[in-house]
Each structure stands twice: as C-alpha cells, then as structure tokens.
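Participant: coords please:
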Amino acid sequence: MTTAPTTTARLKVEAVNFDCADPTRLGSFWAAALGGEVTYDAGGFVIVSPPQTGGVTLYFQRVPQERPARNSVHLDLGTPVGAREAEVQRLIALGATRQYDITGEVPTVDWATLADPEGNLFCVGSPPVEPDQTAT
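Facilitator: A predicted model of the protein is given here:
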C-alpha cells in the first residue's frame, strides 16, 4: 500500500552543516558571531547551539578535501536598519574578511559579503538607511 503525499510541509531546518578543515576554530568563530554556544566538540565534529532567542543549530565536520571555489549554500544574516556596518566590523574583528558590498541593487536590502576564517562566504544585510535615519 502506498501512502498519498501530503500537501502540508513537515520539514524544518534542523541544522546547517559546514565541511571544514578545523571544526573547533570555525565553530568558535560562528558561536561568537551569532551569540550561540559550542555545546559539543569532539575535535573532528563540533555543534554550535543557537542562542535562546532563536536560530538554527550549526554542525562543523572535518573533511580532507579542500573547499570548492564557491559555496553552494551560504548564510544570510540580518541586522536592524543602520546596524549593518557595526556588525560587519565586529565580525571582521572575530576573523572574517570583507569581500564586497552591494547597496542600492535591491530596494529592500543592502548587504556585505564576508568570508569566515576558512573562506566560506556569508552575507550581512539590513534594510537601506533612509536619509533621515541614523545608526543605532
């Protein structure tokens, strides 16, 4: 007997996995970046739990292969209006590197693309700052 497919989604994002060379270092970076906590570290596999206010669990696993030239998946992180640059600078201080900025291309969001300590790309975006708004 075959079960009919459901039209209701039963899936949720449980975790995002990062293949990496140094799970401890990369897990520590992302825990600090997102306010999470390293809750498991077996050297070759690290789990970062999200802060109490929400988020998703991140897994970091050691793999011997070098990473491809471009991520097939990346994180988009959001900030309030006017707070994007401060967050970008905080992430740079943690070990990220700025790659490029996109402003004015999309009317609802401006973003900076950064790379984490192992070169994985991620974006930090916020709604564009209106001329009468100031950074908070």
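
Participant: give the contact list for D76.
Facilitator: Each residue near D76 by CB atoms under 8 Å, 6 or more residues apart in numbering is listed here: W111, F122, C123, G125. All C-beta atoms are positioned from the backbone trio N, CA, C, and that covers glycine.

Participant: which intervals of this protein have sub-threshold pLDDT?
Facilitator: 1-6, 11, 70, 131-136 (pLDDT under 70).

Participant: give me the element V124 is part of.
Facilitator: Using DSSP states H and E, V124 sits in strand 121-126.

Participant: Identify the residues contacting that strand?
Facilitator: So strand 121-126 is contacted by 70-71, 74-84, 87-88, 91, 96, 99, 109-116 (CB under 8 Å, 6+ apart).

Participant: ok, V109 touching V129?
Facilitator: No. Between V109 and V129 there is no contact under CB atoms under 8 Å: 11.5 Å.

Participant: OK, contacts around the most centrally placed residue in the chain?
Facilitator: Centroid check for the chain by CA atoms, centre = their mean gives L75 as the closest residue, at 3.8 Å. Applying CB under 8 Å, 6+ apart, we find L75 in contact with V16, F122, C123.

Participant: let's see 7 Å
Facilitator: The neighbours of L75, taking CB atoms under 7 Å, 6 or more residues apart in numbering as the test, are V16, F122.

Participant: On the strand side of things, show who it bridges to.
Facilitator: Per DSSP bridges, residues listed as beta-bridge partners of L75: F122.

Participant: Quick check: it vs L114, distance?
Facilitator: Distance from L75 to L114, counting by CB to CB, to the nearest Å: 10 Å.

Participant: neighbours of the closest residue in space to T79 that isn't next to it in sequence, just the number please.
Facilitator: Leaving aside its sequence neighbours, T79 sits nearest to S126 (CB to CB, 6 or more residues apart in numbering; 4.4 Å). Neighbourhood size, S126 [other CB atoms under 10 Å]: 20.

Participant: tell me the domain ranges of the chain?
Facilitator: 14-63, 72-128 (automatic domain parsing).
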